[in-house]
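Enquirer: below is the sequence, then the predicted model.
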Amino acid sequence: MTFNSRTVFAGVLLLSALLFSGCDTTKVDPVFKQGSGAPEVARFSVGDTVTVTLTGLPEDVPVHTEPIKEDGTITMPDIGHVPAAGKTAGELQNTIHDLYVPKIYTHITVTVTSGDRVYYVKGEVKQPGRLIYVGEITVTRAIASAGDFTDFADRTDVWLIRGKHRLKVNCKDVSEHPETDPIVYPGDLIEVRRQLF
C-alpha cells in the first residue's frame with residue numbers, strides 16, 4: 001500500500017466511523033417530539049380506572065368511577081357505552097360532553113381523571129419518588145414538583161426515560177428556551193444525575 005492509498009483508506013475509515021457512530025445530536029427520537037400528539041403512554045387502555053365528574057347541572061350527579069372494560073368502553077348514565085381506550089383524558093371529556101349536549105343537557109362540564117397514573121423523579125432532587133400525573137407537565141416543572149434540584153445536581157445531565165427511549169435534557173438551556181422543555185407523560189421517569197467534580 002502506498003502513502004496516498006493509506007491516507008485515502010484512513011479517511012474512508014474515519015468517515016465511516018463518524019457516519020455510523022450516531023454522533024448526530026440534533027436528531028430527536030420521534031417519541032419525544034413536541035407537538036407530535038400524545039404518545040401511547042398518555043392514552044387510556046383497558047383496565048385503567050377512569051373517574052368522570054359531571055358539573056354545571058341543576059341537580060348533583062354522583063361521580064362515576066369505572067375501569068375500562070375489555071371492549072374498550074365505560075358505561076355512563078343516560079348515554080350508555082362510551083369508547084374510552086385509546087383516548088387521552090381531554091379526548092374522552094370531549095366525547096362524553098358531545099354525547100350529553102344537546103341531546104340530554106343544554107350545558108355540562110365534564111372532567112375525566114385517572115387516579116393511578118403517575119410519573120417518577122429520581123436522583124439529585126430533594127423529594128425523589130412517585131408523583132401523581134394530574135395533567136400536562138414538563139420536565140422542569142416535574143423536577144420542581146419533586147422539591148427541585150439538590151446542591152449536587154448536574155442540571156445539564158437530566159434524562160427523560162419513556163419505556164426503552166431516552167432523551168437527555170439540559171435544564172440550563174431549557175431555562176433560556178422554555179419552548180424546548182419536554183412534556184412528561186404518565187409512566188415516564190426523570191433521572192437527575194450528580195455533578196462530577
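Expert: Received, thanks.

Enquirer: residues touching residue 107, list them.
Expert: Residues in contact with residue 107 (Cβ atoms under 8 Å, 6 or more residues apart in numbering) are 56, 101. C-beta here means a position set from N, CA and C on the backbone, and glycine is covered the same way.

Enquirer: just give me how far stretch 168-184 sits from the chain centre.
Expert: 14 Å (Cα atoms, centre = their mean, to the nearest Å).

Enquirer: contacts for that stretch, please.
Expert: 32, 34, 119, 133, 136-143, 149, 155-160, 167, 190.

Enquirer: now the buried members of the residues you listed.
Expert: Buried by 16 or more other Cβ atoms under 10 Å: 32, 119, 133, 137-140, 142-143, 149, 155, 157-160, 167, 190, out of those.

Enquirer: just the ones in strands from those residues, please.
Expert: If you go by DSSP state E, the buried ones among the contacts of stretch 168-184 have 119, 137-138, 155, 157-160, 167, 190 in strands.

Enquirer: how about the helix or strand harbouring residue 53: buried residues?
Expert: In the assignment (DSSP states H and E), residue 53 maps to strand 49-55. Neighbour-count burial for strand 49-55, counted by 16+ other Cβ under 10 Å, picks out 50, 52, 54.

Enquirer: could I get the residues you listed as TSV with distance to residue 126 and pLDDT?
Expert: Output for those, formatted as TSV (distance: Cβ to Cβ, whole Å; pLDDT from 0 to 100):
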residue	distance to residue 126	pLDDT
50	32	92
52	35	96
54	38	95
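
Enquirer: quick one on the thing from earlier: so of the ones in strands among the buried ones among the contacts of stretch 168-184, which two are at opposite extremes in space?
Expert: 137 and 157 (20.4 Å; Cβ to Cβ).

Enquirer: right, and residue 143 touches residue 126 too?
Expert: No: using Cβ atoms under 8 Å, residue 143 is not in contact with residue 126; the gap is 9.6 Å.

Enquirer: now do the shared contacts for the two.
Expert: Common neighbours of residue 143 and residue 126, counting by Cβ under 8 Å, 6+ apart, are residue 149.
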